[in-house]
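# I'd like to go over a predicted model; first the sequence, then the structure.
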Amino acid sequence: MAQTNRRWRVGNLVLLAVFGAALVVGGWACEAGKAPAVAAAAPAAKAASATQPAVKPIKAPIDRFEKVIVGFEKKDQAKAPPQGATLFVGSSSFAIWRDLEKDFADLPAINRGFGGSTLPEVIHYARRIILPYRPSRIVVYCGENDVASGASPELVLENFTRLVELVRRELPGVKVWYLTMKLSQSRLKFRAAFERANALIREFADRADDVGYIDIYTALLKDGQPIEEMYLKDKLHMNRNGYERIIPVILSALKKGT
């Protein structure tokens, strides 16, 4: 009887040992099964970061133009814009240019200017208002509001460079054109900063085959001062006279640089 009990205990111990080993091996198997899932998620996170890099807003919140962007998306759903067009993106100088797409119909053109936007905001919304259109080239007017909100010329260059790098990653071969900041009567105190930022970006463009520079700054000056007839009553935004003055400047640069 004692021998039978000993055999029973030994048998149970063996079973427990086997069961315990199975749990350990199973645990390892589960962990091994989880590892690929984690590894697979990492590239996706990296890809998302590459498409929309983190950027410090100059004016918070970074998504303050969300309603405008949603409006663009609804417009695109109603009628998809052409692929391979020239995309104009940036701040209010484009946003209030109601005839922009007509003025550049031969390109053709897409206008995605929004409010008093800054470069960080253009970067923030790039995956929604730049990348989907697969443009043949991009014209950027932005930086004025950055400087007026306290950004240094060096920061304007840094953020523009980040935008260019994003385009290089996601739309290789697409040239980014920088339309210089203009000098209006209402922002004369920023003259030095505008000129410095324009100069820095010109130097950057001179070193890069995929970056272009279009000077509208001098086209809107007479004797070193803003031409009053080119601006609205707010002395900040261009009127039709101003736009008609810079249209040939833009077209000439794009034609030569294509």
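Now that the structure is in, tell me what you want to look at. Note that the coordinates shown come from a computational prediction; the quantities given were computed from them, not determined experimentally.
# Pull out the buried residues from stretch 190-207.
By 16 or more other C-beta atoms under 10 Å, the buried positions in stretch 190-207 come out as Phe190, Ala193, Phe194, Arg196, Ala197, Asn198, Leu200, Ile201, Phe204, Ala205. Any C-beta I mention is one placed from the backbone N, CA and C, and that applies to glycine too.
# What's the separation between the fourth one and Asp234?
The one in question is Arg196. Remark: distance between Arg196 and Asp234 (C-beta to C-beta, to the nearest Å) = 25 Å.
# would you say Tyr178 is within a strand?
Yes. Counting by DSSP: H, G, I helix; E, B strand; the rest coil, Tyr178 is part of a strand.
# contacts for stretch 160-170?
Here stretch 160-170 makes contact (C-beta atoms under 8 Å, 6 or more residues apart in numbering) with 50-51, 53, 55, 119, 122-123, 126, 130-131, 138, 140, 142-143, 174, 176, 178, 201, 204, 208, 210-211.
# Can you flag which of those residues belong to strands?
In this view, the contacts of stretch 160-170 that belong to strands under DSSP state E are Ile138, Val140, Val176, Tyr178, Val211.
# how near is the last one to Ile246?
Spelled out, that is Val211. 19 Å.
# Likewise for the first one?
To Ile246, Ile138 is 17 Å away according to C-beta to C-beta.
# Could you figure out how far the helix or strand hosting Glu154 is turned away from strand 175-179?
Assigned by DSSP states H and E, Glu154 falls within helix 153-170. Interaxial angle, helix 153-170 versus strand 175-179 (axes from the mean of the first three to the mean of the last three C-alpha atoms, to 10 degrees): 160 degrees.
# any idea of the angle helix 153-170 forms with strand 137-141?
Going by the same axes, to 10 degrees, helix 153-170 makes 160 degrees with strand 137-141.
# Please spell out which residues along helix 153-170 are buried.
Using 16+ other C-beta under 10 Å as the test for burial, helix 153-170 gives 153, 155-157, 159-164, 166-167, 170.
# next one: stretch 89-98
For stretch 89-98, a neighbour-count test (16+ other C-beta under 10 Å) marks Val89, Gly90, Ser91, Ser92, Ser93, Phe94, Ala95, Trp97 as buried.
# And stretch 115-123, what's buried?
Neighbour-count burial for stretch 115-123 [16+ other C-beta under 10 Å]: Gly116, Ser117, Thr118, Leu119, Pro120, Glu121, Val122, Ile123.
# what does stretch 206-215 give?
Residues of stretch 206-215 classed as buried by neighbour count (16+ other C-beta under 10 Å): Val211, Gly212, Tyr213, Ile214.
# C-terminal to the helix or strand hosting the third one, what's the next element?
Take DSSP H and E as the rule and Tyr213 turns out to sit in strand 211-214. Along the chain past strand 211-214, the next helix or strand (assigned with DSSP H and E) turns out to be strand 221-222.
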